[in-house]
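Trainee: Sequence and predicted model, in that order:
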Amino acid sequence: MRKAQEEVRKVIGDKGFVYEDDVKQLPYLKAVVKETMRLQPTAPLLIPRETTKECYIGGYEIPAKTVVYVNAWAIGRDTEVWENPYVFIPDRFLGSSIDLKGNDFELIPFGAGRRICPGIFMGIATVELSLSNLLYKFDWEMPGGMKREDIDVDRLVPGLVMRMRDALCLVPKAYAVMGKDA
Ligand code: HEM
């Protein structure tokens, strides 16, 4: 978090607010978003699909009208694709051409192909913009007595959409930004 925060505060300076156009100057923050979506894709099994006709996937015969799930969560943790897949390393995306747009099948939190999420650009922009402003404007601390080890990001409520079982509560401390919009 500290590295992403330093980046955004350095790039935005005293401007007072991070705007959509500024985000392209925040490669580390973008890498943090990708790395988060790799490890914790919002829809771990995407949206179920049904085959319209018999087909073969990876050598397996799939009859017509079969419901198929694509496990984006498992792909994001595949040891054959990712080095140290269980470790949160945003730097792996710096200088890498892997994006979120469904071109790179090892990272598909928005799906891929004809039924890819049509809200992908709005989704990415919303996450990047809100995260960058939250890091720009506030310092974040654990609530009294809580330690990093007390947070288990893999303790989840099962469902179509991934959500932590224990809500993550952090304490914001306003950071003085001396800008026109502050
Ligand atoms: C971070 C934000 C978002 C994430 C992670 C996300 C993720 C996804 C995923 C994984 C799918 C299934 C794709 C597939 O099966 O290949 C999907 C489908 C869809 N998403 Fe999103 N989405 C996000 C934001 C949005 C927004 C902002 C909208 C609309 C404004 C939207 C509208 C839809 C719709 C309508 C579908 C169904 C598409 C279809 O089946 O043809 N999503 N999304």
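Mentor: Yes, it's here.
Trainee: next one: phi and psi at A43?
Mentor: Note on A43: backbone dihedrals following degrees, to the nearest 10 are phi -110, psi 90.
Trainee: And it, how far from the ligand?
Mentor: 4 Å (CB to the nearest ligand atom, to the nearest Å). All C-beta atoms are positioned from the backbone trio N, CA, C, and that covers glycine.
Trainee: Quick check: pLDDT value at the residue nearest to that residue when sequence neighbours are not counted.
Mentor: Excluding the flanking residues, the one nearest A43 by CB to CB, 6 or more residues apart in numbering is V161, at 5.7 Å. According to the prediction, V161 has pLDDT 93.
Trainee: those strands in the chain, which residues are they?
Mentor: Ranges of strands in the chain, per DSSP state E, are 49-50, 55-57, 60-62, 67-68, 138-141, 156-157, 163-164, 171-174.
Trainee: Can you tell me which of those is nearest to V23?
Mentor: V23 lies closest to strand 138-141 among the strands of the chain, at 17.7 Å (CB to CB).
Trainee: So for stretch 7-23, what gets flagged as buried?
Mentor: For stretch 7-23, the neighbour count (16 or more other CB atoms under 10 Å) marks 7-9, 11-12, 17-18, 22-23 as buried.
Trainee: picking that back up, and for the residue nearest to A43, the neighbour number?
Mentor: 9 (other CB atoms under 10 Å).
Trainee: again with the one 3 residues further on
Mentor: Neighbours of M164 under the rule other CB under 10 Å: 14.
Trainee: Same question for V67.
Mentor: A count of neighbours around V67, defined by other CB under 10 Å, yields 8.
Trainee: Surely it is in contact with L45?
Mentor: No - when contacts are counted by CB atoms under 8 Å, V67 is not listed as touching L45 (10.7 Å).
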